[in-house]
Each structure stands twice: as C-alpha cells, then as structure tokens.
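1. Just need the structure, nothing else, for what follows:
(chains A, B, C and D)
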Number of protein chains: 2
Amino acid sequence: MTKTSSERSSSEIGFDEALDRLRVAGGRITRARRSLLEDLYRAAGRVTVDELAERHPDVDSATLYRVLSHFESVGLIDHVHLGHGPAGYRWVGHRSVAVVCEDCGRVVDVPADELRPLADRLRRHYGMRLSIGHFALTARCEACAPDHSHER
Amino acid sequence: MTKTSSERSSSEIGFDEALDRLRVAGGRITRARRSLLEDLYRAAGRVTVDELAERHPDVDSATLYRVLSHFESVGLIDHVHLGHGPAGYRWVGHRSVAVVCEDCGRVVDVPADELRPLADRLRRHYGMRLSIGHFALTARCEACAPDHSHER
DNA sequence: TCTCTTATTGCGACTAGTTCGCAACAATAC
DNA sequence: GTATTGTTGCGAACTAGTCGCAATAAGAGA
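-> Alright, predicted model coming up:
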C-alpha cells in the first residue's frame, strides 16, 4: 500500500534540517520524536496515525498526536483528512491533493494545480480561500463505480 | 432514473411523494419518521444532527441516525460532512456543494457546476468520479483569513 | 560526569459523532 | 381487535482525538 513515486525535491526539508528546526523551536529531541520523525521522513507518502501507532508501539497514542501536531506547528509535516477514516500525515513539500475513493479507500494524488482554477473562482466569487490539502476530495474510483451511466 | 445532471429542483420530491416512497420501500410511517421527514422537507437547506436532536427531543439520537440513514437509502435526503463538525442533512434535489470555513464553520453553498471542470478532469485523467456533495470543501472565509496581498 | 530544571511522556479519563444489541413498543395486515 | 414484526429507546461500544497530571528524561550548566 506504500505510495509510489514521490521523489524528494531539492527544496524539500532534509532530516538533519528538520532536527535543527525542532531544536531552534526550543524543543527537545526525544526518542519518540526522533523515531517518528525518521519514519515520516522515510515514508514515501501519507502515513496514518494507525500505521504510525503500529510501527511505534512504544509511543503512546496521546504522545503520537502531540508529536505530530508539534511537527506540524514547526512546519515539518502536514495532515489531510481522508474522508471517514483517520487523518494522513506526510512530510511537507508535497503539492498535491488527495482524492480518496469513498468505497475502497484508495487514494490518488493529484497535483494541486488542478484545483487552482476552482480555488480562484471560489476566492473571487464567494470569498472563500480553498484550503488545498487539508481535506481530501472524495470520489469513486473506476473499480468501485464503473462508468457507463448505470445508476444504482 | 431521474438523474440527468443539469436538472434542478423542478423534479424535487414532494412531501406526500416522499411518504409514498417510504411505504413502497416497505417501511412503516412512525411518529419519529413523519416528524423528521416534515422537518427536513420544510428546512430550507442543510440541517445538522444536533439541530434535529434539539428540535425533536422525543427522538433518541440512535433512532435519529437510523431514520436519517433510512431516508437516505430511500433517496429522500443526502448528507454532507462539513469538515471537522457534524454532518449536515438536506432534502435531495439540491445541486450545490458546501464550502466550509475551517476556522469559523461558516458554510457557503456553491453551485455544483463550479466543480464540473475539475470533476471532468479528475474523471478523464485520474479515473476518479468526484462525489460532489458528500464532503464539503474546506476553506477560510474572508473574515478568518483576510487577504494580505494586494490582489485584484 | 553529575545535577537540576522543566519539557515531554504515559496513563487514564474524557469528548464528539456515530453505531450496535436487545428488549419493549407500536404500525399495519388480517 | 389481535397478531406480527418493523422500529424505537436505552445503554454500551466504538473511532478519532484531546486533556490533566504525576513520572520521566532531555539537555544546560557546574
């Protein structure tokens, strides 16, 4: 289920740089923080809290959330709500929007630019600045909703 | 089935028709169902579970959810997840998408047609059929995220 | 290196939103 | 009316996430 082909761009924050950021922010580099940071850094794409909890059984779930929100406040990761399920976290620098199938849960990443025209219209005509990335778009994938207009 | 995409509320289901549908579906018209159906029919737009619970204190919340999902399965209402908060329910036939401010929770309704270009692209290029309406788009309204840059 | 301060953790309780099991109830068919 | 069985109310459970607090352990300074 690992996400494919999210190559690291040069503008992306490196692991050591991330550690520095945490230190500059005045925080301590604890065992939990270091191992979660490593995991998030190495993960190719989005990771859910469940997955992190499974991979770090020594880290309490309350701590998990606290660490994640700390990382987020320092600008190392961001999170996206994937429909009904748990949120997904990933290293910053990705400029894509998740489109999740509401039936099978499959997530397809779409370049954020695809939403630009809509975002512009929403801002200009409705005064709403679209939060690209914070919530996934829900859809149905081909497997779950084969085309050719057969309504349920 | 009556689902041609550009049609609007001319084909909206009336209250008595809705009652018929429930009967045809083999269900009983209970007190809870009748009063909730009336409420939803009369409500101008989206109603949250909280609001319904407040207005129908005699109806247990578990029943509330069951009735709502029954109505939905019969095709009388649909629901939309408004970001972090509770879901909103409304009479079918509305062709709009909710855009919710993630800070203040304000909901702005946007004609579904605004999403058409995006939906088309997602279908054609990514094989995902956007579920317009099931999830709100999240954004920030002008009050919560005043535009600092000087854009036209 | 040891000591001290205090940021962070683990634990358990708690929240919101929603679902489930089950016995009591009430809508309808007869 | 009575019987049948779909629905309801109640409470418990569940998921995703948050919070308070005492114990722990980073890491600055001696």
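2. beta partners for A:V100?
-> Beta-bridge pairing of A:V100 under DSSP bridges involves A:V107, A:T138.
3. I figured it hits A:H81, correct?
-> No: using C-beta atoms under 8 Å, A:V100 makes no contact with A:H81, being 9.4 Å away. C-betas here are computed from N, CA, C, even on glycine.
4. Whichever helix in chain A runs longest close to DNA strand D?
-> The residue-count maximum for a helix in chain A (DSSP state H) belongs to helix A:61-74. Yes: Helix A:61-74 lies within reach of DNA strand D by C-beta under 7 Å from any atom of the strand, at A:61-62, A:65, A:69.
5. That helix packs against which elements?
-> Applying 3 or more C-beta pairs under 8 Å, 6 or more residues apart in numbering or on different chains; DSSP states H and E, we find helix A:61-74 packed against helix A:15-24, helix A:31-42, helix A:49-55, strand A:77-81, strand A:87-91.
6. Surely A:A145 is within a helix?
-> No: applying DSSP: H, G, I helix; E, B strand; the rest coil, one finds A:A145 to be coil, outside a helix.
7. Look up how far A:V110 lies from it.
-> When distance is defined by C-beta to C-beta, to the nearest Å, A:A145 is 17 Å away from A:V110.
8. Looking at those two, which is more packed in?
-> Set A:A145 next to A:V110 and count neighbours by other C-beta atoms under 10 Å in any protein chain shown: A:V110 wins out with 19 against 16.
9. Who are the packing partners of the helix or strand containing the more buried one?
-> In the assignment (DSSP states H and E), A:V110 maps to strand A:107-111. Counting contacts by 3+ C-beta pairs under 8 Å, 6+ apart, strand A:107-111 packs against strand A:96-101, helix B:116-126.
10. right, and A:S61 touches A:V49 too?
-> Yes: assessed by C-beta under 8 Å, A:S61 is found in contact with A:V49 at 7.4 Å.
11. of those two, who's got more company?
-> A:V49 (17 against 12).
12. Could you find the closest non-adjacent residue to the more buried one?
-> In space, and not counting its chain neighbours, A:V49 is closest to A:P86: 5.1 Å by C-beta to C-beta, 6 or more residues apart in numbering or on different chains.
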